[in-house]
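[1] Below: sequence and its predicted model.
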Amino acid sequence: MPSRLGKTIRILREAKGLTLTEVVSRAKISKPFLSLIENGHRDPSLGVIRRIARVLDVPAEALVLMGMESTRGLGSTDVMTNHIMKSVEKMLSMESQLRRLLRSEEDDSIHEDHTK
């Protein structure tokens, strides 16, 4: 299961219209490493988080906060960080709802196949 940080980086990267290749080139990390981060299999150091944030043109604080298990009750004095956190939270929620919906429809389809 991808980590919140990994999902956040993927969401922001895609929102910026950047490919993995573009981000890794600018952040000076390897493509497999960024892929592992986005898929929740590796946790980047603070230095790497800062470089990725710079490439994505977002405050590193936003990535750090989004990487926490829960951001409930957390905020920042930086307006942009708060906007990013709220927007990404909405995207994560929508992604979770879509996964549940697709699983539900898949389960219904499997059930229908077995009743034929």
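    Perfect, I can see it now.

[2] Could you use CA atoms for every contact and neighbour count after this?
    Will do.

[3] Can you tell me the number of residues neighbouring the closest residue to Gly6 other than its chain neighbours?
    Counting by C-alpha to C-alpha, 6 or more residues apart in numbering, Gly6 lies nearest to Glu38, which is 3.7 Å off, once chain neighbours are set aside. Around Glu38 there are 22 other residues, counting by other C-alpha atoms under 10 Å.

[4] Please name the residues that touch Glu38.
    By C-alpha atoms under 8 Å, 6 or more residues apart in numbering, the contact set of Glu38 is 2-3, 5-10.

[5] hmm, which of those residues are the buried ones?
    3, 5-10 (16 or more other C-alpha atoms under 10 Å).

[6] Closest one of the contacts of Glu38 to Lys28?
    Closest approach between these and Lys28, by C-alpha to C-alpha: Ile9, at 15.4 Å.

[7] Where does that closest one sit: helix, strand or coil?
    Of the three states, Ile9 takes helix under DSSP: H, G, I helix; E, B strand; the rest coil.

[8] for the chain, which spans come out with low pLDDT?
    1-2, 69-75, 106-116 (pLDDT under 70).

[9] Helices along that one, start to end?
    4-15, 20-27, 31-38, 46-56, 60-66, 79-115 (DSSP state H).

[10] between the second one and helix 31-38, how many degrees?
    Spelled out, that is helix 20-27. If you take axes from the mean of the first three to the mean of the last three C-alpha atoms, to 10 degrees, helix 20-27 sits at 100 degrees to helix 31-38.

[11] And the contacts of helix 20-27?
    With contact meaning C-alpha under 8 Å, 6+ apart, helix 20-27 is reached by 13, 30-31, 34-35, 48, 51-52, 54-56.

[12] So which bits of stretch 85-93 are buried?
    Result for stretch 85-93 [16+ other C-alpha under 10 Å]: buried residues 85, 88-89, 92.

[13] picking that back up, ok, so of the contacts of Glu38, who is nearest Met80?
    Thr8 (14.8 Å).

[14] Hmm, Met68 and the closest one touching each other?
    No: at 11.0 Å, Thr8 does not count as touching Met68 under the criterion of C-alpha atoms under 8 Å.
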